[in-house]
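Chemist: just coords:
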Ligand SMILES: Cc1cc2nc3c(=O)[nH]c(=O)nc-3n(C[C@H](O)[C@H](O)[C@H](O)COP(=O)(O)OP(=O)(O)OC[C@H]3O[C@@H](n4cnc5c(N)ncnc54)[C@H](O)[C@@H]3O)c2cc1C
Ligand code: SF4
């Protein structure tokens, strides 16, 4: 239920709806496979005719180091099973698209998409039209969170129908249809086994995840890899094995939602850490700090850590919240929990293989001193347009309000891959930095000549270019532009960014590498009602290693928004189904917290000045969601002494756990594929990444 | 986007005229007050009236008057009642229940009369036309069977009004105006036998006023359980009114549960049990153990139904402790 089958365009919606009722569809009834177990039990009822077998979409198994040997060395081995229910993005704005073919025969599609470039490619392919005759414009977007990353049926429908009808065609999804488009958080069953020495040193970790992918692939192969990729980039894990399977079911397709495939394993991992610390009598703060990776670390699965603010995040959040003095001492029904996490600042590889930049920026300088910045990036409310303006203004010594930013238009702006994988500030920021420095060159050259000062003594700020040694020798930016244009001709530049090549040398290592990882640590304080099972989060402290905070207001907005989303996922949100249908496809019945359910949040920004980021910046849009979920679960254990190994943690589960009748999650019965044993990196492999495209630090 | 079906709108000035228009058009016409319940249902095609009879212009139907008793005009908004000083002071449970309905914007539009008449709810029924079509509809609208209880010959959609349990616990009455005269009935008699015929009011009758008797000397409260305090319908409402004598023994008790049945449920056995007893912790536990029995939650609302049933016992106990001045057992408020 909910899959688009046919489309009708009419002069008004009433007529279109009447016409839709006249469409007759013959369906061949198939069993509705609504869970991983059902899909595995009916390999004969295949949902798609691809994938290795039955309803398995994709399966992987990698062994990095001999985990069995690691378990044999261990003093303590612990196994846990977890389940994370699926949930959806719930953007305020429903998806919408308009298609229109102009008199020149060219097609324009306006859409609320996060990825105009990928929509552009998909339209060219599906419509069998030259890409050069299609223009995709991503409109200012009322929230995405990953839910507007796939090219969608309605985008193709408006294109096709507008070409047939010879008039513009618009589709706006109903809220219910947004629930069916979905591409949200995968339900994942997880099992983790860790071997430890008495002192808490990990000897090996084995992680399994089984994903309920819903009815289509979406970015599900990447989602699957992500459920195994980032366990290793926080703490020292010398040997690591990952097995994962994604299964098709007849539910709305799952895909990327904020944190893409990593919140589920992070929840499992951080609860598991607290459990083994409990087993071994270790302090969960000390264990995390002592086992945190160091800068430059290379993990068992060949991920390269650059700067890492994990320890500082942990120390500061623990200190600010008073975690250590509160844990176990808040009294009946109250507790604190801690968790930490890591996330990518942009994926190392694009969605389709190519050797071109991930982000491009063009700059045009106006004789009046104004500057236009063109970039394919898409502002979905996170402030990416502002970041472009800040970077260019900083480099040229003008003010952000002097800059006009034009984004997300495939005809007018150079390609940026899109607003996903927390890539935009880092990648477009670096591209903008390069373009701005290039366009500054002729301007500085002309200014230097005019002022009689060597170029390297020039600085730019407050719309003036001046001699650093003798600041009164100066001219305005606009004057310098006129001089430069007189001397060199029309002023403009381009800049681009491509992430450094990953050091990983195994097939499947495309998921996980990034220019640099962000880190977060979170403490949750909560009260739990023993009688009703109701959990109330009283306060959240969260520290995030953002590398460099270019605009703290925007960063804190992302951090608080992540906390909000994490709290919704851990306490109430679920894509629930019944009788083959979404049970609650409405904003009233799908429960997600509102501002009134939000506890106070204290955000702590940690700066590690990453050499790969523009001015040292890393991501902040997704990572801070990750630790919130396990921190709540860990706090509940502190409050009530029960473990809920299944998200969401609802009142009925808490009551059942207190009464000892909560059935814990179990793994689906299936066989994992033959393991690929990945040899360690050859000694002397390039430990240091290639030089970044742009070095940090701006003009002073 | 979901759009309203086309309709005509009239707004008469008197209830009698409204009733005559409604009678004249039969099932084609419906009354609308704030529209906060009816319009979403029209968008999803639970109702497709050709004619809407707006009640907003009814003269003298939106005031709040207190003499000995309280008279609330049916068109008084929930916000107005929740904020009314006299209601807050003398009928605090009424103010509290009105103030706990949905969210501020909806309380500014939603009315007291509309709240008593609010449609019963079920998550097989509160769905779009296409969703309901896909499952073959249900007995309450366009279908044959009940999808929650397929063996049942009646509809189990839940009475979801927040104010109704309070009004019943306080012994309130309503005035109903028909085409040829008016009548006054107890709110407890306003509700029908199942989730479809959920009102005994005839379709053309207009509810004009709610009359709440003087309840000085009673201790009253209303407690509501829902997932989000910001907007949700109740999955449980508990209204309690208790009058105690000089010896602190209960002389009279009313306990009414909302959102656990097709109509508000009076816990008569528990009321009887309490009579003549002190409101001490043990008695309260025993009374709550009796009171929650008639709750019949099914899997057609938010949260697990077994948990909702369990909550009825807990919340009755807490409500009784609240009126007895004992610690309720709620999570303490946090100082932030
Ligand atoms: C998101 C959301 C959350 C909500 N949460 C709650 C909640 O928590 N608790 C709750 O109780 N309700 C809730 N409601 C329902 C509704 O908002 C309230 O019940 C409100 O009081 C209804 O009043 P109204 O005037 O808007 O009714 P309307 O929508 O105008 O009418 C509702 C019904 O009553 C009939 N009617 C109205 N007035 C009269 C009258 N004077 N005489 C005869 N018939 C009449 C109408 O014909 C219609 O059938 C919610 C609604 C929404 C959309
Ligand atoms: S209780 Fe049964 S008949 Fe009534 S609305 Fe729900 S499914 Fe329909």
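Modeler: It's in. The shown structure was predicted, so the numbers you read here are calculated from the model rather than taken from an experiment. Ligands and ions are numbered 1, 2, ... in the order given.

Chemist: Quickly find the element holding residue A:619.
Modeler: Taking DSSP states H and E as the definition, one finds residue A:619 inside no helix or strand.

Chemist: show me where the stretch 1-150 of chain A has strands.
Modeler: Under the criterion DSSP state E, counting those that start in this stretch, the stretch 1-150 of chain A contains strands at A:56-64, A:76-84, A:96-101, A:107-111, A:134-138.

Chemist: what's the closest of those to ligand 1?
Modeler: Smallest distance to ligand 1 across the strands of the stretch 1-150 of chain A (C-beta to the nearest ligand atom): 22.9 Å, for strand A:96-101. Backbone N, C-alpha and C define where each C-beta goes, glycine included.

Chemist: Out of the strands of the stretch 1-150 of chain A, flag the one nearest residue A:677.
Modeler: Across the strands of the stretch 1-150 of chain A, residue A:677 has its closest neighbour in strand A:56-64 (5.0 Å, C-beta to C-beta).

Chemist: got JSON lines for the strands of the stretch 1-150 of chain A, with distance to chain B and mean neighbour count too?
Modeler: Below are those laid out as JSON lines (distance: least, C-beta to the nearest C-beta, whole Å; neighbours: other C-beta atoms under 10 Å in any protein chain shown):
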{"stretch": "strand A:56-64", "distance to chain B": "26", "mean neighbour count": "21"}
{"stretch": "strand A:76-84", "distance to chain B": "17", "mean neighbour count": "19"}
{"stretch": "strand A:96-101", "distance to chain B": "9", "mean neighbour count": "22"}
{"stretch": "strand A:107-111", "distance to chain B": "16", "mean neighbour count": "23"}
{"stretch": "strand A:134-138", "distance to chain B": "21", "mean neighbour count": "24"}
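
Chemist: Residue B:71 touches residue B:208, doesn't it?
Modeler: No: in this structure, residue B:71 is not within contact of residue B:208 by C-beta atoms under 8 Å, at 9.9 Å.

Chemist: quick one on the thing from earlier: out of the strands of the stretch 1-150 of chain A, nearest to residue A:178?
Modeler: Of all the strands of the stretch 1-150 of chain A, strand A:96-101 sits nearest to residue A:178, with 10.4 Å by C-beta to C-beta.

Chemist: partners of the closest one in the sheet?
Modeler: strand A:107-111 (antiparallel), strand A:169-172 (antiparallel) (DSSP bridges).

Chemist: Please give me every residue in contact with residue 168.
Modeler: With no chain named, the answer covers chain A. Applying C-beta atoms under 8 Å, 6 or more residues apart in numbering or on different chains, we find residue A:168 in contact with A:98, A:99, A:100, A:162.

Chemist: The intended chain is chain B.
Modeler: For residue B:168, the contact set (C-beta under 8 Å, 6+ apart) comprises B:186, B:187, B:188, B:239, B:254, B:256, B:264, B:266.

Chemist: Mind doing that once more with 10 Å?
Modeler: The contact partners of residue B:168, taken as C-beta atoms under 10 Å, 6 or more residues apart in numbering or on different chains, are B:186-191, B:239, B:241, B:254, B:256-258, B:263-266.

Chemist: Ok, residue B:64 next?
Modeler: By C-beta under 10 Å, 6+ apart, the neighbours of residue B:64 are B:70-73, B:76, B:80-81, B:84-87, B:91, B:94, B:112, B:210.
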